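[1] build the 3D model from these lines:
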Amino acid sequence: MRSRMPLPALPPPARTPGTPTHAVRHAGLPQPASGRRAAWLRTGGSLSARLAAAGGSVSVQVLRQGRLRLLPAEAAWLGGPRRRYGHVREVLLSAGAMPVVFARSVLRQPHARGSWKAVRGLGGRALADLLFGRPAARRSGFAFVRFAPASRVAAGVRRRWQQATGQAWGSRSVLARVSVFARRGAPLLLTECLAPAVGRLGLQPRARPVRWRPKGGESGLKG
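    This next block holds a predicted model:
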C-alpha cells in the first residue's frame with residue numbers, strides 16, 4: 001500500500017571521509033545560471049515531455065545500465081555510506097537531433113527487483129513513463145548543484161558525452177538538479193545534468209517552474 005507520509009525536500013547527503021569538498025559551491029540555483037538555462041533547471045513535471053514540446057520530439061540513448069559502484073553521496077541518499085553498489089541507469093536525452101541532457105538514475109539493488117523492477121525493462125523509453133505514469137511516483141524538492149571541473153562527476157559526464165555524441169559538453173563545470181522519487185517506500189535518486197545547449201530551447205508556456213529557495217552551505221553530489 002502506498003505511503004501517505006509527506007516526502008521531504010531533498011536533504012544534503014551525509015559527509016563521507018575522503019570526499020572532495022570543492023565539487024559543489026551552491027545549494028541554491030548555481031551561478032551563473034540565468035535565462036533559459038535557469039528556467040530549464042527549475043521546470044517541474046517531466047523533463048523529457050518538456051524537451052519533446054520544445055524540440056518537436058525527444059529520444060533516449062542508454063549509455064549504460066546495471067550493477068555499478070555508487071558515488072558516496074548517492075549511497076548516503078539511498079540509505080547509508082556503506083552501500084557501495086546499486087542499480088544505475090545512465091542515458092542521454094536529445095530534443096529533436098540535439099543532445100541536451102545527461103541523466104543518471106540510481107536504485108538499491110533489491111528495489112530494482114521489486115518496486116522499481118520496470119526500470120530494468122525500459123530500454124529506449126524515457127524514465128518519465130514510470131515516474132509520471134499511473135500511479136505516479138512522489139517526488140522530493142530539487143537540489144541544484146554545480147559539479148566543479150576537477151570533480152569525478154564532471155569529468156565522467158564530459159567523457160561519456162563526448163563518446164556518445166562526438167561533441168564536447170560545452171563547459172568545464174556541469175550544472176545539474178537532483179531529486180528523489182518514492183514508490184511504496186523505495187527511493188530512486190535522479191540526477192539530471194543539463195548541457196549548455198539546452199539554453200537554445202525555449203520552454204513552452206505550460207512548463208511552469210517549480211518554486212525553490214536558495215540555502216546556505218554546501219549540498220549535492222560530490223565526486
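
[2] could you measure residue 132 against residue 183, distance?
    12 Å (C-beta to C-beta, to the nearest Å). Every residue, glycine included, has its C-beta placed from N, CA and C.

[3] residue 118 - how many residues pack around it?
    Residues within reach of residue 118, counting by other C-beta atoms under 10 Å, total 14.

[4] then residue 97?
    9.

[5] what does residue 136 give?
    12.

[6] again, but for residue 139
    19.

[7] isn't it right next to residue 183, touching?
    No - checked against C-beta atoms under 8 Å, the pair residue 139 and residue 183 is beyond contact range at 10.6 Å.

[8] for residue 48, what are its contacts?
    58, 60, 93, 126-128 (C-beta atoms under 8 Å, 6 or more residues apart in numbering).

[9] closest one of these to residue 190?
    Distance to residue 190, by C-beta to C-beta, is smallest for residue 127 among these, at 7.3 Å.

[10] roughly how far does that closest one sit from residue 105?
    6 Å.

[11] what residues are shared contacts of the two?
    89, 119, 190.

[12] surely the second one is in a helix?
    Yes - following the definition DSSP: H, G, I helix; E, B strand; the rest coil, residue 119 is counted among the residues of a helix.

[13] now do the buried residues in stretch 101-115.
    101-108, 111-112, 115 (16 or more other C-beta atoms under 10 Å).

[14] how long is that stretch from one end to the other?
    26 Å (C-alpha to C-alpha, to the nearest Å).

[15] what sits up against it?
    Stretch 101-115 is contacted from outside by 47, 51, 67, 70, 74, 78-79, 83, 85-93, 116, 119-120, 127, 157, 160-161, 183-195, 198, using C-beta under 8 Å, 6+ apart.

[16] one more time with 6 Å
    Contact with stretch 101-115 is made by 74, 78, 86-93, 116, 127, 157, 161, 183-184, 186, 188-194, as judged by C-beta atoms under 6 Å, 6 or more residues apart in numbering.
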